[in-house]
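Chemist: Just need the structure, nothing else, for what follows:
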Amino acid sequence: MGAVESKPRLIITAGDPAGIGLEVILKAFADRAWAQTWLSQAQVSLISSRTLLQQTLTQLDLGELDPTIELIDRFTVDAPIRVGLGDAASGAVSFDYLNTAIDLAMAGKFDGIVTAPIAKSAWQAAGHIYPGQTELLAEKSGADRFGMMFLGRSPQTGWVLRALLATVHIPLRAVPEQLTQQVMTRKLELLLDCLQQDFGLQTPHIAIAGLNPHSGELGQLGCEEVDWLQPWLEDARARYPQVRLEGLIPPDTMWVKPGRAWFYDQTITTADAYLALYHDQGLIPVKLMAFDRAVNTSIGLPFVRTSPDHGTAFDIAGQGIASPQSMQSAIEWAIYLCQQRCKTTKC
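Modeler: Numbers count the residues shown, from 1 in each chain. Coordinates of the predicted model:
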């Protein structure tokens, strides 16, 4: 952010036009009490087709787009967009939205990107072979060290959940092969940098899960912990004496304290962040606790990126019943993270 422009500059992508992306974005903007609090703190632009935008506004009976929000009008393909069915046409549109947003952010025009959900299968049908939005963001921004973190603030207690995944969109059987000491070191370093830069935590407490049930139970239920995970952890403790690294915690018990802290216990002692070793080990508990409030943020990028922690919801697209709560959380966190980075860099 420049010295004159004190507000974060956010660009929001509409996601797959066959899904609920535009619906949740426009519902978020239409919540006047929320908009007065949050949109006043940022300069907001939206990437969408003007035609699709107007169709969604009419369907939801929301009037016009908030005049303070800049619309960046992008093309709609010749093939019709079929609501509720992601295909090559919708994949081409959502890919263009994100591609454009990244180019603008890399040109210095925006401090953060908020992405509505896309369908990976629709991207692939359109010829764009990426595991997800995170990988395209990293490739185009030149980030060789990046990760997928999930954030959420409990409405019951105010406790903040931070969970990073060591491996992401790979088959379960590939996890033991791709999970190495080098991967763990990169993810831990990335997490430490994020906690310092984005949250001001200089001496954090990080909880690290084991891989196998009961963290292997001394090799009886898997050998990865004994063979290399525990030695790696001891080495990391020696390298980062100012950081409390707790682990390797059995995966089925690591989330007990966070669950209590999220739902009812404001006094329980928890870690500042949780490092899960594979997708479902982290995301099943995160979504159980915070499905409507959790936010996906890509850390390690030169700009802030957040996204709702839900998908395109093709099954309810076009019905007007999607909740904007997670999109609102994504925008709130993007504003917060941009503000924190500005403080860190003294912009």
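Chemist: what's the spacing between whichever strand or helix holds Ile113 and its chain's center?
Modeler: Per DSSP states H and E, Ile113 falls inside strand 112-115. Relative to the chain's own centre, strand 112-115 is displaced by 10 Å; criterion: Cα atoms, centre = their mean, to the nearest Å.
Chemist: for it, packing partners?
Modeler: strand 9-13, helix 88-106, strand 304-308, helix 325-345 (3 or more Cβ pairs under 8 Å, 6 or more residues apart in numbering; DSSP states H and E). C-beta here means a position set from N, CA and C on the backbone, and glycine is covered the same way.
Chemist: can I assume Phe314 is in contact with Ile81?
Modeler: No - contact criterion Cβ atoms under 8 Å: Phe314 and Ile81 do not qualify, at 11.9 Å.
Chemist: Now do the shared contacts for the two.
Modeler: Ala18 (Cβ atoms under 8 Å, 6 or more residues apart in numbering).
Chemist: Next, the contact list for the residue positioned nearest the centre of the chain, please.
Modeler: Central residue of the chain (Cα atoms, centre = their mean): Asn296, 1.4 Å from the mean position. Taking Cβ under 8 Å, 6+ apart, we find Asn296 in contact with Met148, Met149, Phe150, Thr306, Ser307, Pro308, Asp309, Ala330.
Chemist: count of neighbours near the nearest residue to the second one once chain neighbours are set aside?
Modeler: Spelled out, that is Met149. Distance criterion Cβ to Cβ, 6 or more residues apart in numbering; nearest residue to Met149, sequence neighbours excluded, is Leu164 at 4.7 Å. Counted with other Cβ atoms under 10 Å, the neighbours of Leu164 add up to 23.
Chemist: So in terms of bridging, what pairs with Leu164?
Modeler: On the basis of DSSP bridges, Leu164 is bridged to Met149, Leu275.
Chemist: Which one of the helices and strands packed on strand 112-115 lies nearest to Gln178?
Modeler: strand 304-308 (22.9 Å; Cβ to Cβ).
Chemist: and the residue nearest to Val114 when sequence neighbours are not counted, how far is that from Ser307?
Modeler: Distances taken as Cβ to Cβ, 6+ apart place Ile12 nearest to Val114, at 4.5 Å, with adjacent residues excluded. Using Cβ to Cβ, to the nearest Å, Ile12 is found at 10 Å from Ser307.
Chemist: shared neighbours, these two?
Modeler: Val114, Thr115, Ala116.
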